[in-house]
Every structure is written in structure tokens, then in C-alpha cells.
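> Compute the structure for the input listed below.
(chains A and B)
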Amino acid sequence: MEIEELTPHIEEIQRVLGDKIDEEQLRAELDKYLNEYHVNIDAAKRSIIRKYGGSDTSTFVTGNSLVKKIADLSGTEQNVDITAKVVFVDNKEITVKGLPKKIISGIIGDETGTVSFTVWEPGSMVLTKGSVYVFRNCYCKLWNDKAQVHIGNRGKVEAAEGVKIELPERQITAASPTEIKIGNIKDGMGSVTVTGKVMSIESKEIVARGEPKTVFSGIIADDTGKIQFSAWSDFGIKEGESLCIANAYIRSWKGIPQLNMGDRCEISRVDAIDNVVDTSENRKTVDEISRIGGGLDITLEGLIVDVRQGSGIIRRCPQCNRSMLNGACTTHGMVEGIMDLRLKVVIDDGTGAIGAIINRADTEKLTGVTLQAAQGLAAVKGEAVVGREITSKALMKRVRVTGNVMSDDYGPSIIVKSIEKVEFDLEAEASKLLDEVEAAI
Amino acid sequence: MNARETAWRVFATELNSTTLEIKAAEEKAPSYIVTPLGAKINRVLIAGVMTEKENIGSEEEPMWKARIQDVSGSFYINVGKFQPEASAAIADIEIPSFVAAVGRVRTYTTDDQRVFVSVRPEHIIPISETVRNEWILETAKSTWKRLTDTKKVLGMGDATEQDLVKAGMSPTEAFGITYALDNYGQMPDSALYLKTIQAALRMLLPDRDVDLGFPEDLSDEPDEIELPEGSNANNSAQMEDLILNLLEELDTDGKGAPREELERRAESEGISSIELEEVTNILMDKGLVYEPNLRYLKRI
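Numbering: from 1, shown residues only, chains lettered A, B, ... in the order given. The predicted structure follows:
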């Protein structure tokens, strides 16, 4: 930043610091922060004021705050005033740097939209749902591409007496829900309509946004696949019913799509559907899995084409059960690890490759090497030899695995719940191919 | 997405009749070959009988050449110091025996523009005859699928990739077939692949008199190919492999490989400290290595 451009900032700092620093010194100081250390201007000003004993930060509200409607928030505002109605509010206790801290968070809305907010220094502040307040000197941040309003120690919340705000009807996503087969549901879809049979359902008591709530969750299936659902209110769903579920929405957890029935969801009973997928086996090719992203209890078949680092004997943290690195747990530090055996492999079925993590019991079953035997071998020849041994036992094995699949940048992976070696009737399969080829040529 | 490349099941006939290559446009992107039947291949899974092996390197630095014969022809295998696991394994494999291998394909163009394809296995292991037969079946099925898909596409006139995806092919299949038909400039020699499938079925069903109406001769293949290892020994992928191996070797106490030691060893392999820096950055970006602290580098 050029020296001339510094002038307004210098004046501002002088207003705060008074004669604690002379202008020349201040100019040099600011120049050092900005041009030598490339600190941004706000941080530089803050540091200088602290360094020279400036006190109250509240005098440091730069310029006048803006007044904005919620829909106009970009998420980058440093100082903004918002008049809005509290749609939902929750007093929370969180832990900051190991210390408990009370905050207030929730959702506020005006005619243009809603936004989540947090009051970081509420003191004895009480916000009432349905009341209108003026939130002064807020700052905004972007989270998941949505603006959030923060009221920090220089922010204020004042009751807006006499101001009425009518919230618009909840925005309904523009596109009408697509009617879709369960097998084609993907991560990132919005509203959907599906027809299927309820395979199981159970109710759970949870605390959502500070209020106790009963959710109903289970599995619903059609002839193409099955999916976990959560109903956020009681639709009276019973196991075995066949339903058309309109306006449900898809949310994914670690790439596994789940069907959510919110308050816009409409459910109608339909004629019994009988040709649902065998929910005991949801067979997919790796190519299909890659396109869906993830799912529950998926079964696939392929060859183990690679065994990855981290296979063989590992140590797990006795407190959190996660695998340790170099004798230390990333969370709990140096602990006496518990020995375990596992395999991290790549399974390839010719349509694609998927990572698979295989636990001790299944590793023992697949390779015939027990943890005890592995420990014995490790004691004599070292753990690297154990790794090589189970690698050679696992490679090129044709396996059928079932488990939950999720995806990341490195493609899909499956946490294996069960594994078995595949044996097929080679002659019958070959005859089938022969018949097919003969019929075609 | 950095997903792992599929290991394609292909017979030697299809692999060896491949002349199309899609070279990586960017530094780290994978290269592919596209077979006449539209398989877009970076990696293969092959199986068969290893009929020859020869160490054309030295005792200390072996460089194996080998042939693996399937039902119709031979795969050409090269294993060098950048495939340490396969290199160690191949030394112990007896000739002849059933083996399976997974690895990346490489092409080699002769002066008279003939293209040869070879395989550099990451893994090569002895298998039973049953496993070999399962591979033959699986590969026959997938060859048949590519053949029928190609026929289908030929019958669709000017179908675009999107049309093919709509018709139920995966995007990779749709791309591969379109690319093959557009770039080979001729129809695939379906007789060659049918003969291969016939040979596969004869192998699997010795008691059924399999006859698809093709004579037995199919030796359209090259006798021998020489692949110069080391001609571009310092390309990035090889350096990465080398560094990964060094990391493993130098990690004697589980703390990782000491930087200084790594630099010294890399230097002796002809990798400058600047190159080493670049390669380790790439490896860190890929999530393959990390720094337990500033003086160490460790494989994940």
C-alpha cells in the first residue's frame, strides 16, 4: 500500500491512541506491518493499537455500519445492521479452548429471507422467538456458501419496538421434484418423489434445536435399490406398507444419500409393491457405485488387485480405537496401543476400482493368518514380513464384500462388514457365454 | 477426481492390436491406450502362463523381461527397479507357471511406426489354474461385451457419446468406442476377437466341441519387443516411485526418512534436490507422503 493511502488509517489510529505515539513512528510502524510483513490493514491497525496500549476496541468501529436486508448479505460484511425477527433461538453452551462458554444462536428472518446467527458474548441477553430486534454492528461470514451473521463483542442487539416483520412463506425450491427410482438416487439431488416399500422403521427420540422430537427412520426399497429414510414428523408409517413419498429431499452423509421427509413431504399409500430388491443383497458394479457415490449395505464382487500401506499389524488407541501412527494417537498422544490386524485393499471388478477396509476377523478369514500368528511372525521376522505375508495371501483373491460405501477425491471406498471368497461354476458360466455367442453370430 | 484406474481384463490379441494412445495432456494426468474395441486402458489385469523370463539388468539392479501367454497370444512384461515388489516376486517365479499380474500399460513405437504395448506390473503373483481359468472367462465375457457394443454402435449410425450413455453404456465405454471408431479409420477385425473367444471357450469347455467357425491360426503378433528402460528414467512418475521406495527403505525406525539422507540417496539416483522438492510436493498433494516434522518425510 502506498504511503499516501495510509493517511486515513493513520488518522483513525491516532483517534484511538491519542498522543501515545507520534505520527512519524506510527507511519513507520504501519508501513512495516503492511509492506514488510504483508499483514492486512485491519490486523495491522489492531496490532498497533494493542501494542501502544489502545484500550477499548468498541471505538474501533470503522466508518458507519451498513443497513442491509438478509437477502442482500454477501457474507463478507464487516459491519452491518440488520432488523429481523427471531425465527428460532437456542442458548448453547460450547467449549472454547477447554473452557465452557455460553452463546446464543439461531435463525433470524426478514421479508427477504432467513439467515443463521450467533451472539458470541450474550451476557444476560435474552432473545425471544417471534420478536423483532435490531442487530447492530454484526459481521458476516460464509459457511457452506451461505452467509452467517455474527454478533461479536462490539455488536449490540436491541429490541425493535413496534416493528413488524412478515416472513415470506418458506421458499419452495423451484424445480418440481423428480420422480425417481431408488437405485438412481445420487448425492446432491434436491427434492425427489419415490415409490417403495417400507422394509423397516423405528422411532428415535432426539433433541433437535433444543426441542425434544421424535424421528422415524428405517429402510425403504423398490425394485432398483434401497435407501435409509428419516421422517421428521409422524406420518404414521408402518413396516411393510407401500408408499408414494412426494417432495422428500436427499441429504448425504459421507456420500451416502438418505431420504428425508420434511414438513413439505406428502405420503400416500399405494398398491402393494412386491418386486422390491432383495434387501439382503444390494448388488452393484464398481462403475455403478462410482456414479452413485455411496450407499448402505452394498454388495460387490471383484478381485483384490492391490494391498495398501497400513495393512497388517496395526495399533489402535485404547481410548478412541483409531489406528495410531508411530506409537501415538492423533487425539490422545502417546498411549499403549492395542494390537489389531486389518487389510486395506483395492478391489477391481473390471468396471472400476474401489478401496476396501477389512477388519481383523475378515482379514483372518480371508488370509488364514490370525492376529496371534501374525504377532508370532512379527516377533521373529518383523512386522514388514507380516505385511508381505498377508499381501501375498490376499492378492488376486476373488471376493464378494458387503458394507457401506462412501466417496472422496480418491474415488469410492467400502467399509467391509462381511467378506467371502467367491467360487463360481466355471463350466456353467462358460456354457452360458458359449450359448450367447453362438446365438449372436 | 483422483480415482484409481480400472484394471481392464483384455486378451493379448486385443492389447497387441492396439495402436492408439491418448497421451496425458497435463503433467500428472494418466495416459491411456484405446483398443480397437474401445477399451480405454491405463491399467490391466492379465493372467496366463509365464513362458519366458530373463533378467537383462544386473544382479543388483534387475530388469526383468517376461512373456505371459493367454489363450491367443502373449503379453510382454517389463519389470524394473520402479516395480520393486513385482521385481522381487518375478525372481522367484518358476517357468512355466500360471501367474496373474496387475499393472500399467506402456507403448513403444518403432522407427517404422509400429506400436507395441507392454505391461509393467505392480504385482505379479503365482496363481492356480482355476484362478487363471476364471480370468479367461471374465476376460472372454468382457471382450464379447465390447465386441457386441461396438457392433451396436456401428448400427446406430452417427451416434454421439451422449446417445450411447443414454442407451445404457457407461461414459468410459461410450467415449472409448466412439474414439476407437473415429480414430482407427477402419472397423475392428471382429474375426480376430471371435477367434480369441473361441480359443477361450475351448480352453474352458474341453468336452464341448466349441466351434464358432474360425480356423486356429492367429499369429499376428510380434516376436519380440525391446523396451528401453531408463531412456526417460527421470520422468516424473518414475521419480515418484523411486522416492516412495527410498522413503520406505530409509524409514528404519518408523519415524520416517530423514531429509538429509533422502537427499543424498536421491542425488545418487540422479535426482537433484530441486527435483526432489518438486516430487515430494506432488506426493504430498496426492496424500501419499507427509512430514511428521520438518526433518522427516514419511510414506502414508
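> Give the burial count for the closest residue to residue A:101 other than its chain neighbours, as a bare number.
Once flanking residues are discounted, residue A:101 sits nearest to residue A:94: 5.5 Å by CB to CB, 6 or more residues apart in numbering or on different chains. Quick note: C-beta positions are derived from backbone N, CA and C, even for glycine. By the measure other CB atoms under 10 Å in any protein chain shown, the count of residues near residue A:94 is 12.
> residues touching residue A:94, list them.
Shown here is residue A:94, whose contacts under the criterion CB atoms under 8 Å, 6 or more residues apart in numbering or on different chains are A:100, A:101, A:103.
> Name the residues of the stretch 151-300 of chain B found near chain A, please.
By the rule CB under 8 Å from any CB of the partner chain, the part of the stretch 151-300 of chain B lying against chain A is B:170, B:172, B:194, B:197, B:201, B:204-205, B:208, B:210, B:212-213, B:254-255, B:287, B:292, B:299-300.
> Now the buried members of those.
Neighbour-count burial (16 or more other CB atoms under 10 Å in any protein chain shown) is assigned, among these, to B:170, B:172, B:194, B:197, B:201, B:204, B:205, B:210, B:212, B:299.
> quick one, phi/psi of residue A:8?
Dihedral angles of residue A:8 (phi, psi; degrees, to the nearest 10) stand at phi -60, psi -40.
> Read off the pLDDT value for it.
At residue A:8, the predicted lDDT confidence score is 80.
> roughly how far apart are it and chain B?
Using CB to the nearest CB, to the nearest Å, we find residue A:8 at a distance of 41 Å from chain B.
> The residues of the stretch 151-300 of chain B next to chain A in helices, which ones?
Of the positions in these, B:172, B:194, B:197, B:201, B:204 sit in helices, assigned by DSSP state H.
> What residue, apart from its backbone neighbours, is nearest residue A:159 spatially?
When the adjacent residues along the chain are set aside, residue A:159 lies closest to residue A:133, with 5.7 Å between them (CB to CB, 6+ apart).
> Residue ranges in the chain under the pLDDT threshold?
I went with chain A, as the question did not name one. Across chain A, the stretches falling below the confidence threshold (pLDDT under 70) are A:1-3, A:54-64, A:144, A:169-177, A:188, A:254-255, A:278-281.
> Sorry, I should have been clearer: chain B.
Scanning chain B with the threshold set as pLDDT under 70 gives B:1, B:216-235.
> ok, which stretches of it are strands?
In chain order, chain B shows strands spanning B:7-9, B:20-22, B:32-34, B:40-41, B:43-55, B:64-69, B:74-79, B:97-109, B:115-126, B:257-258, B:289-290, B:296-299, with DSSP state E as the criterion.
> Tell me which of those strands lies nearest to residue A:405.
With CB to CB as the measure, strand B:7-9 is the member of the strands of chain B nearest residue A:405 (18.9 Å).
> That closest one - which strands sit beside it in the sheet, and in what orientation?
Taking DSSP bridges as the criterion, strand B:7-9 sits next to strand B:43-55 (parallel) in its sheet.
> how about the residues of chain A that lie near chain B?
Taking CB under 8 Å from any CB as the criterion, the contact residues of chain A with chain B come out as A:286-287, A:290-291, A:303, A:305-306, A:309-310, A:325-327, A:346, A:348, A:350-353, A:355, A:392, A:395-396, A:398, A:409-412, A:424, A:426-427, A:429-431, A:433-434, A:436-438, A:440-441.
> Strands - which of those residues land there?
Under the assignment DSSP E, the residues of chain A next to chain B contribute A:303, A:305, A:306, A:346, A:348, A:353, A:355, A:398, A:411, A:412 to strands.
> any idea how far the fifth one is from residue A:305?
Noted for residue A:348: a distance of 4 Å to residue A:305, by CB to CB, to the nearest Å.
> The fourth one too?
Separation of residue A:346 from residue A:305 (CB to CB) stands at 5 Å.
> for the last one, same thing?
Distance from residue A:412 to residue A:305, counting by CB to CB: 15 Å.
> just to revisit the earlier point, okay, and the common contacts of residue A:348 and residue A:305?
Between them, residue A:348 and residue A:305 share these contacting residues under CB under 8 Å, 6+ apart: B:7, B:45, B:102.
> what is the last one paired to in the beta sheet?
Looking back up the chat, that one is residue B:102. Using DSSP bridges, the beta-bridge partners of residue B:102 come out as residue B:45, residue B:123.
> That one reaches residue A:306, doesn't it?
Yes - under the criterion of CB atoms under 8 Å, residue B:102 lies in contact with residue A:306, with a separation of 6.8 Å.
> Find residues that contact each of the two.
Taking CB under 8 Å, 6+ apart as the contact definition, residue B:102 and residue A:306 share the neighbouring residues B:122, B:123.
> mind listing the helices for the stretch 1-150 of chain A?
Counting by DSSP state H, counting those that start in this stretch, the stretch 1-150 of chain A has helices at residues A:3-17, A:23-31, A:41-51.
> Show me what the longest one is packed against.
On a contact count with 3 or more CB pairs under 8 Å, 6 or more residues apart in numbering or on different chains; DSSP states H and E, helix A:3-17 meets helix A:23-31, helix A:41-51.
> Let's have the ones you listed in TSV, adding mean neighbour count.
Listed next are those as TSV, based on neighbours: other CB atoms under 10 Å in any protein chain shown:
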stretch	mean neighbour count
helix A:23-31	15
helix A:41-51	17
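> Put together CSV for those helices, with distance to residue A:90 on each row.
Conversion of the helices and strands packed on helix A:3-17 to CSV gives the following (distance: least, CB to CB, whole Å):
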stretch, distance to residue A:90
helix A:23-31, 42
helix A:41-51, 30
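> ok, residue B:241 - how many residues close by?
Considering only other CB under 10 Å, residue B:241 is surrounded by 17 other residues.
> From what I see, it and residue B:82 are in contact.
Yes - in terms of CB under 8 Å, residue B:241 counts as a neighbour of residue B:82; the distance is 4.2 Å.
> domain assignment for the chain?
You didn't say which chain, so I picked chain A. In the assignment given by automatic domain parsing, the structural domains of chain A cover A:3-60, A:66-159, A:178-278, A:283-421.
> wait, I meant chain B there
What automatic domain parsing lists as the domains of chain B is B:7-204, B:236-299.
> and among those domains, the most buried is which?
Ranked by mean neighbour count, the domains of chain B are led by domain B:7-204 with a mean of 19 (mean count of other CB atoms under 10 Å in any protein chain shown).
> hey, what's the residue of the stretch 301-441 of chain A at minimum distance from chain B bridged with?
Using CB to the nearest CB, residue A:411 is the residue of the stretch 301-441 of chain A that sits closest to chain B, at 3.0 Å. When assigned by DSSP bridges, residue A:411 has beta-bridge partners residue A:408.
> tally of neighbours for it?
By other CB under 10 Å, 19 other residues sit near residue A:411.
> do the same with residue A:202
By the other CB under 10 Å criterion, the neighbourhood of residue A:202 contains 9 residues.
> got a list of what it touches?
For residue A:202, the contacting residues are A:216, A:217, A:218, taking CB under 8 Å, 6+ apart as the criterion.
> And the strands in the stretch 101-250 of chain A, which stretches?
For the stretch 101-250 of chain A, the strands defined by DSSP state E, counting those that start in this stretch occupy A:113-119, A:132-143, A:146-151, A:156-159, A:178-179, A:191-208, A:211-221, A:226-231, A:242-253.
> Sheet partners, orientation included, of the longest one?
To tie it back to what came earlier, the one meant is strand A:191-208. With DSSP bridges as the test, strand A:191-208 is paired with strand A:178-179 (parallel), strand A:211-221 (antiparallel), strand A:242-253 (antiparallel).
> Any idea what residue A:92 is bridged to?
On the basis of DSSP bridges, residue A:92 is bridged to residue A:103.
> Could you verify my assumption that it touches residue A:106?
No - under the criterion of CB under 8 Å, residue A:92 is not in contact with residue A:106, lying 9.5 Å apart.
> Can you pick out the residue with more neighbours from those two?
More neighbours surround residue A:106 than the other of residue A:92 and residue A:106, with 19 against 13 (other CB under 10 Å).
> what about the residue lying closest to the more buried one once chain neighbours are set aside, neighbour count?
Taking CB to CB, 6+ apart as the measure, residue A:106 lies nearest to residue A:89, with 3.7 Å between them; neighbours along the chain are not counted. Per other CB under 10 Å, the neighbour tally for residue A:89 reads 20.
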